[in-house]
Structure formats: C-alpha cells, structure tokens
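[1] give me a model of this one.
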Amino acid sequence: MKSNALGNEGNPARLLIKVTRDTLPQVKEKYPFLYLEKGRMEIDDSSIKWIDCDCNVVRLPVAMLNCILLGPGTTVTHEAVKVMAAANCGICWVGDDSLMFYASGQTPTSNTRNMTHQMKLAANPAKSLEVARQLFAYRFPDANLETKTLPQMMGMEGLRVRKFYEEMAVKYKVGWKGRRFEPGNFEMSDTTNKILTAANAALYSIIMSAAHSMGYSPHIGFIHSGSPLPFIYDLADLYKQQVSIDLAFAMTAEMAGYYDRHKIAAEFRKRVIEIDLLGKIGPDIETILGKKQCLS
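    This next block holds a predicted model:
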C-alpha cells in the first residue's frame, strides 16, 4: 500500500492503493463482459479510460470486469493492455456486436497446475472419456452414461439439441429450418440464426476469459476436437440452452424478424447475469475435471 499523505493545503490527502493479484476479485465476483466499438482505450493516471467516437470519456473499472470485447474501430494502447493484464481482465477482439470471435489476449496466471491437470486428463483416453461423461451428465442427468462411448453420447446430444430447437420454435411460434451459419456470410442467415451466432460468439469470449484467468487451456478439449477452442466449446454447450438458444427464438418473435443488435446485446447481458454465469464456470470446471482447482 502506498499512501500520499502530503496533500495540498485545504485538499484531502490522496490515498493510492496498489492492486496485487491477492487483492483482485475472483472470476465469480466480476461483471461478465463489456463490449466496446469505435473508440480508443488508454491510460489516464493509473486507471483505464475509454474515449468514444464523440469524445465522451468513460473510466473503466477493469479489475471488476471479466473481459472486454473490442469491436470494430477500436484502438488500445500498450499501457492499457499492461494495466488490464495486471488486473487479470481479459481482452477479446470480436466482430460487429461480437458477431465473430477473432482473437484473445491471454493474461499470465500465477501457476500452471490447472493446465497440467487438464493435460493429464486429456492425454489419458480413459480419463478423457470420463470427463466427457461428466460434461454430458449435465445434459442427461437421469441417463446411465457408464457404458456409452463418446460417439454415442455425441449422437444423443445432437438429437437433444435438435429437439430443443424445435420445441423453442413451437413455443415462440417461429419458423425454423435448422441451424445454419456460413462464416463471412452472416447477412444471409435468418434472424434466429443471426442471434444464435452473435450470442454464441459472446459466450465463447466470456468463457475464454474466465478459463484463461483460472489457468486452463482453451485448446485442450474432451468432446470437441479439430477446432480452434475445443475446451471453450465443451463448456459453452453447458450454457447455450439458457443464454443463447432460448434467447434467439424469444428475440426473433419479439422483434418480428427485424435484427436489433442493441436489444439482443442487452438481453444477452441480462441473461448472463441472471444465471450467474461467472459464478457457475469455476465450480462446473471443478466438478467436470474432478479436482479442487486454483481459482484466479
């Protein structure tokens, strides 16, 4: 702690508190994400400020943010990234309104024991399959998965998801012809698929930042493989039903086919907070990987 007790006469002395990793809030205590576009993020004194395209200035409490999603038209200074790394606030570069996930900045963690544990599980075929069963057990709590192979469980999941899409289409009276997404051809999708794509991309960013903060690798998955972020996709499937799929059909009906990105972002943020997503991720990983983890 550093205290500046020599305040000017008539002015109260200013107290500066040095933030260390021990004093930072845990992932579960943070605000999930903040999306920014068309502006500049830089340092002002020891804090980070955001200057938008109309020169409005907003100070950002990065220590309380899980991640910042940077959209088109943003710039960030080297010092701002340095402060965000010290505050364990993740950065993700995304498309317009997080429609596409491009890249993330990884913050250093205090140790690698969580990643080591994750790698040992993934390298052992029997243990890797057991982790996959734990993941599927969230979707099939009453099913006996002990004798199921990974392809069999993936088949069960595919049927379950298709059925859920159809149920949501009936519930919200929305026409549904199936999940379709063509990279780089977002505008050709129907409204429901557009919302699904946008919400899923934002969900990946949030989980990515949380997993990074807790010292896990996004690249070591147990169900998904051959994709850029298999572990993130494994985890995201636990929450899509609540924060993406139901949202997509509900908003399609509410907007009568018109894609309103501001409404979608607001409703997505509301749902993420309502289900306490950041509070769930840590305990869920602990259950899935069967280990008392190191929470950042």
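
[2] what about the most centrally placed residue in the chain, distance to E79?
    The centroid of the chain falls nearest to I206 when counting by Cα atoms, centre = their mean (1.3 Å). Going from I206 to E79 by Cβ to Cβ, to the nearest Å gives 25 Å. In this view, the C-beta of every residue, glycine as well, is placed from N, C-alpha and C.

[3] the residue nearest to the centre of the chain should be in a helix, yeah?
    Yes - applying DSSP: H, G, I helix; E, B strand; the rest coil, one finds I206 inside a helix.

[4] surely it touches F33?
    Yes - the pair I206 / F33 is scored as a contact, 5.2 Å apart, by Cβ atoms under 8 Å.

[5] quick one, strands of the stretch 101-250 of the chain?
    Ranges of strands within the stretch 101-250 of the chain are 101-105, based on DSSP state E, counting those that start in this stretch.

[6] low-confidence stretches in it?
    106-111, 183-184, 186 (pLDDT under 70).

[7] for it, what spans make up the helices?
    113-123, 125-139, 150-172, 191-213, 230-236, 240, 246-255 (DSSP state H, counting those that start in this stretch).

[8] go through those and name the closest to W50.
    Closest to W50 of those, according to Cβ to Cβ: helix 191-213, at 17.5 Å.

[9] which neighbouring elements make contact with that closest one?
    strand 31-36, strand 65-70, strand 90-94, strand 101-105, helix 230-236, helix 246-255, helix 261-274, helix 277-289 (3 or more Cβ pairs under 8 Å, 6 or more residues apart in numbering; DSSP states H and E).

[10] just the CA coordinates for the fourth one, please, in PDB.
    To tie it back to what came earlier, the one meant is strand 101-105. Only the C-alpha atoms of strand 101-105 are listed here, as PDB (Å, rounded to 0.1, in the frame of the first residue of the first chain):
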ATOM      1  CA  PHE A 101     -14.800 -14.100 -32.300                       C
ATOM      2  CA  TYR A 102     -11.300 -13.300 -33.700                       C
ATOM      3  CA  ALA A 103      -8.700 -13.500 -31.000                       C
ATOM      4  CA  SER A 104      -8.000 -13.100 -27.300                       C
ATOM      5  CA  GLY A 105      -5.200 -11.800 -25.200                       C
END
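
[11] could you check the angle that strand makes with strand 65-70?
    Calculated by axes from the mean of the first three to the mean of the last three Cα atoms, to 10 degrees, strand 101-105 forms an angle of 130 degrees with strand 65-70.

[12] now strand 101-105: buried residues?
    Neighbour-count burial for strand 101-105, counted by 16 or more other Cβ atoms under 10 Å, picks out 101, 104-105.

[13] kindly report the same for stretch 43-51.
    Applying 16+ other Cβ under 10 Å to stretch 43-51 flags 48, 50 as buried.

[14] and the end-to-end length of that stretch?
    Start and end residues of stretch 43-51 are separated by 11 Å (Cα to Cα, to the nearest Å).

[15] ok, E130 - how many residues close by?
    17 (other Cβ atoms under 10 Å).

[16] quick one: contacts for it?
    G290 (Cβ atoms under 8 Å, 6 or more residues apart in numbering).

[17] one more: P218?
    208, 211-212, 229-232.

[18] which strand residues bridge L69?
    Beta-bridge pairing for L69 (DSSP bridges): Y35, C92.

[19] show the pLDDT at it.
    At L69, the model reports a pLDDT of 84.

[20] thought A236 was touching L203?
    Yes - at 5.3 Å, A236 and L203 qualify as touching, with contact defined as Cβ under 8 Å.

[21] which one of the two has more residues nearby?
    Higher neighbour count among A236 and L203: L203, with 25 against 19, using other Cβ under 10 Å.

[22] roughly how far apart are that one and C92?
    For L203 relative to C92 (Cβ to Cβ), the value is 11 Å.

[23] anything in contact with each of I206 and F33?
    Common neighbours of I206 and F33 (Cβ under 8 Å, 6+ apart) are 66-67, 272.

[24] select from those the one having the most neighbours.
    C67 (32 neighbours).

[25] against H212, how distant is that residue?
    9 Å.

[26] any shared contact partners between those two?
    Counting by Cβ under 8 Å, 6+ apart, the shared contacts of C67 and H212 are G90.

[27] which strand or helix spans W50?
    Element membership for W50 (DSSP states H and E) is strand 47-52.
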